[in-house]
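A.B. asks: Okay, here's the prediction I keep looking at, along with the sequence it came from:
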Amino acid sequence: MDSRANTNLTADLLSPDVILCCGEDEAALLHTIPPRFSSPAQRKLAFRFYRFWKFADHTLILSGIGTGCLEPLLYELFSFNIVRRIILIGTAGRINGATAAQIGKVYAIGEASLACTGLDAIAREGTFTPTLRAAPELPTVTIVSTDLYYGFSNTADPRYTAHFSPGASLWERTRGRDLVDMEVGQFYALCSYLDSTTNHVEYLAIKGPANKMGSPQGQNQNTSQVLAAALESAYAILGVRPREVRPTATPGNRVDAARNSDGSSAG
């Protein structure tokens, strides 16, 4: 079967609806899938730092961090002309002084900009927006995305950050933004570029702050809460169905095992 060089991806692993997560721990991501959606994957693939799970009505993908992981993944993903909707989920940092976003809550990213990424030369000072509509009850925030982590912080050693932004502090790029992360801006930019070469694909990012910018200590404590909420929101937008669990049998009747929507065992 035809596969792609960098991801080893094949067409049978893809669905029209895709949920993508970048940079999170694999066990943590799988643990946060709500129990009523935790039916076994029909197909799985682990290749390099990419992970794919094909479920009955969507594909879940886990990738590494930043532009270098996203660009080959999205190019090879779009090349099959199978995906029609893709939602990026994950954690972010809350920019100091931003009041629109609460730690542990999730938001639709309505506008993203880039700062110190592999796409800066072509994206320049532009901003990028999603094409997939979020649920009305999901609040919207803005984000700035970077390929740096410790270098993009107002608490980092200035002798270090000076190498990436001579003459100015990187954190000044965050003014007017609510969140900072390492993927949404690149995700929106790459999807917009790639969409011109394929059939129309709608895309959206749902993220929430797990910590304050410059304070990574609380990141791991809040990650599970953010991922679970982001998954729930993505499922709702995509119409992902929970597994079907048959009612408990009355005395004298056989107790049926829980079944997935495709009829396979949920055990």
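C.D. replies: Looks like it arrived, so ask away. Source: prediction; values computed, not measured.
A.B. asks: contacts for stretch 119-138?
C.D. replies: With C-beta atoms under 8 Å, 6 or more residues apart in numbering as the test, stretch 119-138 has contacts from 67, 85-87, 106-114, 117, 140, 185-186, 188-192, 195, 201-206, 233, 236-237. C-beta: built from backbone N, CA, C; applies to glycine.
A.B. asks: where does the stretch 101-250 of the chain dip in pLDDT?
C.D. replies: 124-125, 154, 165-171, 196-199, 216-217, 243-250 (pLDDT under 70).
A.B. asks: Where do the helices of it begin and end?
C.D. replies: For the stretch 101-250 of the chain, helices defined by DSSP state H, counting those that start in this stretch occupy the ranges 120-123, 158-161, 184-195, 219-238.
A.B. asks: got the ones you listed as JSON lines, with mean neighbour count and distance to Gln42 columns?
C.D. replies: Formatted as JSON lines, the helices of the stretch 101-250 of the chain follow (neighbours: other C-beta atoms under 10 Å; distance: least, C-beta to C-beta, whole Å):
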{"stretch": "helix 120-123", "mean neighbour count": "14", "distance to Gln42": "37"}
{"stretch": "helix 158-161", "mean neighbour count": "12", "distance to Gln42": "46"}
{"stretch": "helix 184-195", "mean neighbour count": "23", "distance to Gln42": "26"}
{"stretch": "helix 219-238", "mean neighbour count": "20", "distance to Gln42": "17"}
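A.B. asks: Would you format these as JSON lines with distance to Leu13 included?
C.D. replies: Shown next, in JSON lines, are these (distance: least, C-beta to C-beta, whole Å):
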{"stretch": "helix 120-123", "distance to Leu13": "30"}
{"stretch": "helix 158-161", "distance to Leu13": "40"}
{"stretch": "helix 184-195", "distance to Leu13": "18"}
{"stretch": "helix 219-238", "distance to Leu13": "17"}
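A.B. asks: out of the ones you listed, which comes closest to Cys22?
C.D. replies: helix 184-195 (8.1 Å; C-beta to C-beta).
A.B. asks: Against which helices or strands is the closest one packed?
C.D. replies: Applying 3 or more C-beta pairs under 8 Å, 6 or more residues apart in numbering; DSSP states H and E, one finds that helix 184-195 makes contact with helix 67-78, strand 85-94, strand 107-114, strand 127-128, strand 140-145, strand 202-212.
A.B. asks: so of the ones you listed, which one's packed in deepest?
C.D. replies: strand 85-94 (a mean of 26; mean count of other C-beta atoms under 10 Å).
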